[in-house]
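Asks: sequence below, structure please.
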Amino acid sequence: MTEKLLSPLRTCPGPERWLTRLLGAVLSCTAYLLCLPWDLGNRRATQDALTETSPVTSAGVVTLAVVLLLLAAYFGHRDALAWALLLVAVGPATLLYVSLRTHPGPPDGFAGAWPLIWAFFTLLMATGVLVAAAVARQFRADLADDFNEELSLARRP
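Replies: Numbering: from 1, shown residues only. Below is the predicted model of the structure:
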């Protein structure tokens, strides 16, 4: 059973391959929606409070990071790096963009900074996904066999 779950997706039939990819994209988007609030703007804890608090919790961010890294490692092991990036990072980056775009912050001087915030966190997510996928890809048996075969062919006279 584990051979089926960890075999390269290119060896699977087409419908199974695309269903697995769709499930990965849905899981990454669902993790984002469950771990981070839809409106990321700061709010007052009570009506009379002078300071604002962020609805984003560190537990939610850590949970989202762990889930995305696990998904990236899984798809990096089973599929190409580009697919891991598309399936794991693009969905949450899109949801972050929509959340920042539809819920503008208060006019405090940082209202126009949301594109920079989105770009920074998108770059952070994409880098994490690519690193996790590349590390997981090193454990693929078929890639090790291909590399050893290329080395043996290069040594032949």
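
Asks: gap between residue 34 and residue 115?
Replies: 25 Å (Cβ to Cβ, to the nearest Å). The C-beta positions use only the backbone N, C-alpha and C, and glycine is treated the same way.

Asks: go on, residue 23?
Replies: For residue 23, the distance to residue 115 - Cβ to Cβ - is 31 Å.

Asks: ok, residue 74 next?
Replies: With Cβ to Cβ as the criterion, residue 74 and residue 115 are 31 Å apart.

Asks: those two - which one has more neighbours?
Replies: residue 74 (21 against 11; other Cβ atoms under 10 Å).

Asks: isn't the more buried one right next to residue 136, touching?
Replies: Yes. Here residue 74 reaches residue 136: they are 7.2 Å apart, a contact under Cβ atoms under 8 Å.

Asks: count the neighbours of residue 103 for me.
Replies: With other Cβ under 10 Å as criterion, residue 103 counts 13.

Asks: let me fix that, I meant to ask about residue 94.
Replies: 13.

Asks: pull out the buried residues from the helix or strand containing it.
Replies: Applying DSSP states H and E as the criterion places residue 94 in helix 90-102. Judged by neighbour count (16 or more other Cβ atoms under 10 Å), helix 90-102 contains these buried residues: 90-93, 95-97, 99-100.

Asks: could you give the angle of the longest helix seen in the chain to helix 90-102?
Replies: The longest helix of the chain (DSSP state H) is helix 114-137. What separates the directions of helix 114-137 and helix 90-102 is an angle of 170 degrees, with axes from the mean of the first three to the mean of the last three Cα atoms, to 10 degrees.

Asks: what lies in contact with helix 114-137?
Replies: With contact meaning Cβ atoms under 8 Å, 6 or more residues apart in numbering, helix 114-137 is reached by 65, 68-69, 72-77, 81, 84-85, 88-89, 92-93, 96-97, 100-101, 104-105, 143.

Asks: so for that helix, mean pLDDT?
Replies: Averaging pLDDT along helix 114-137 gives 91.

Asks: next, the buried residues of it.
Replies: Buried, per 16+ other Cβ under 10 Å, within helix 114-137: 114, 118, 122, 125-126, 128-130, 132-133, 136-137.
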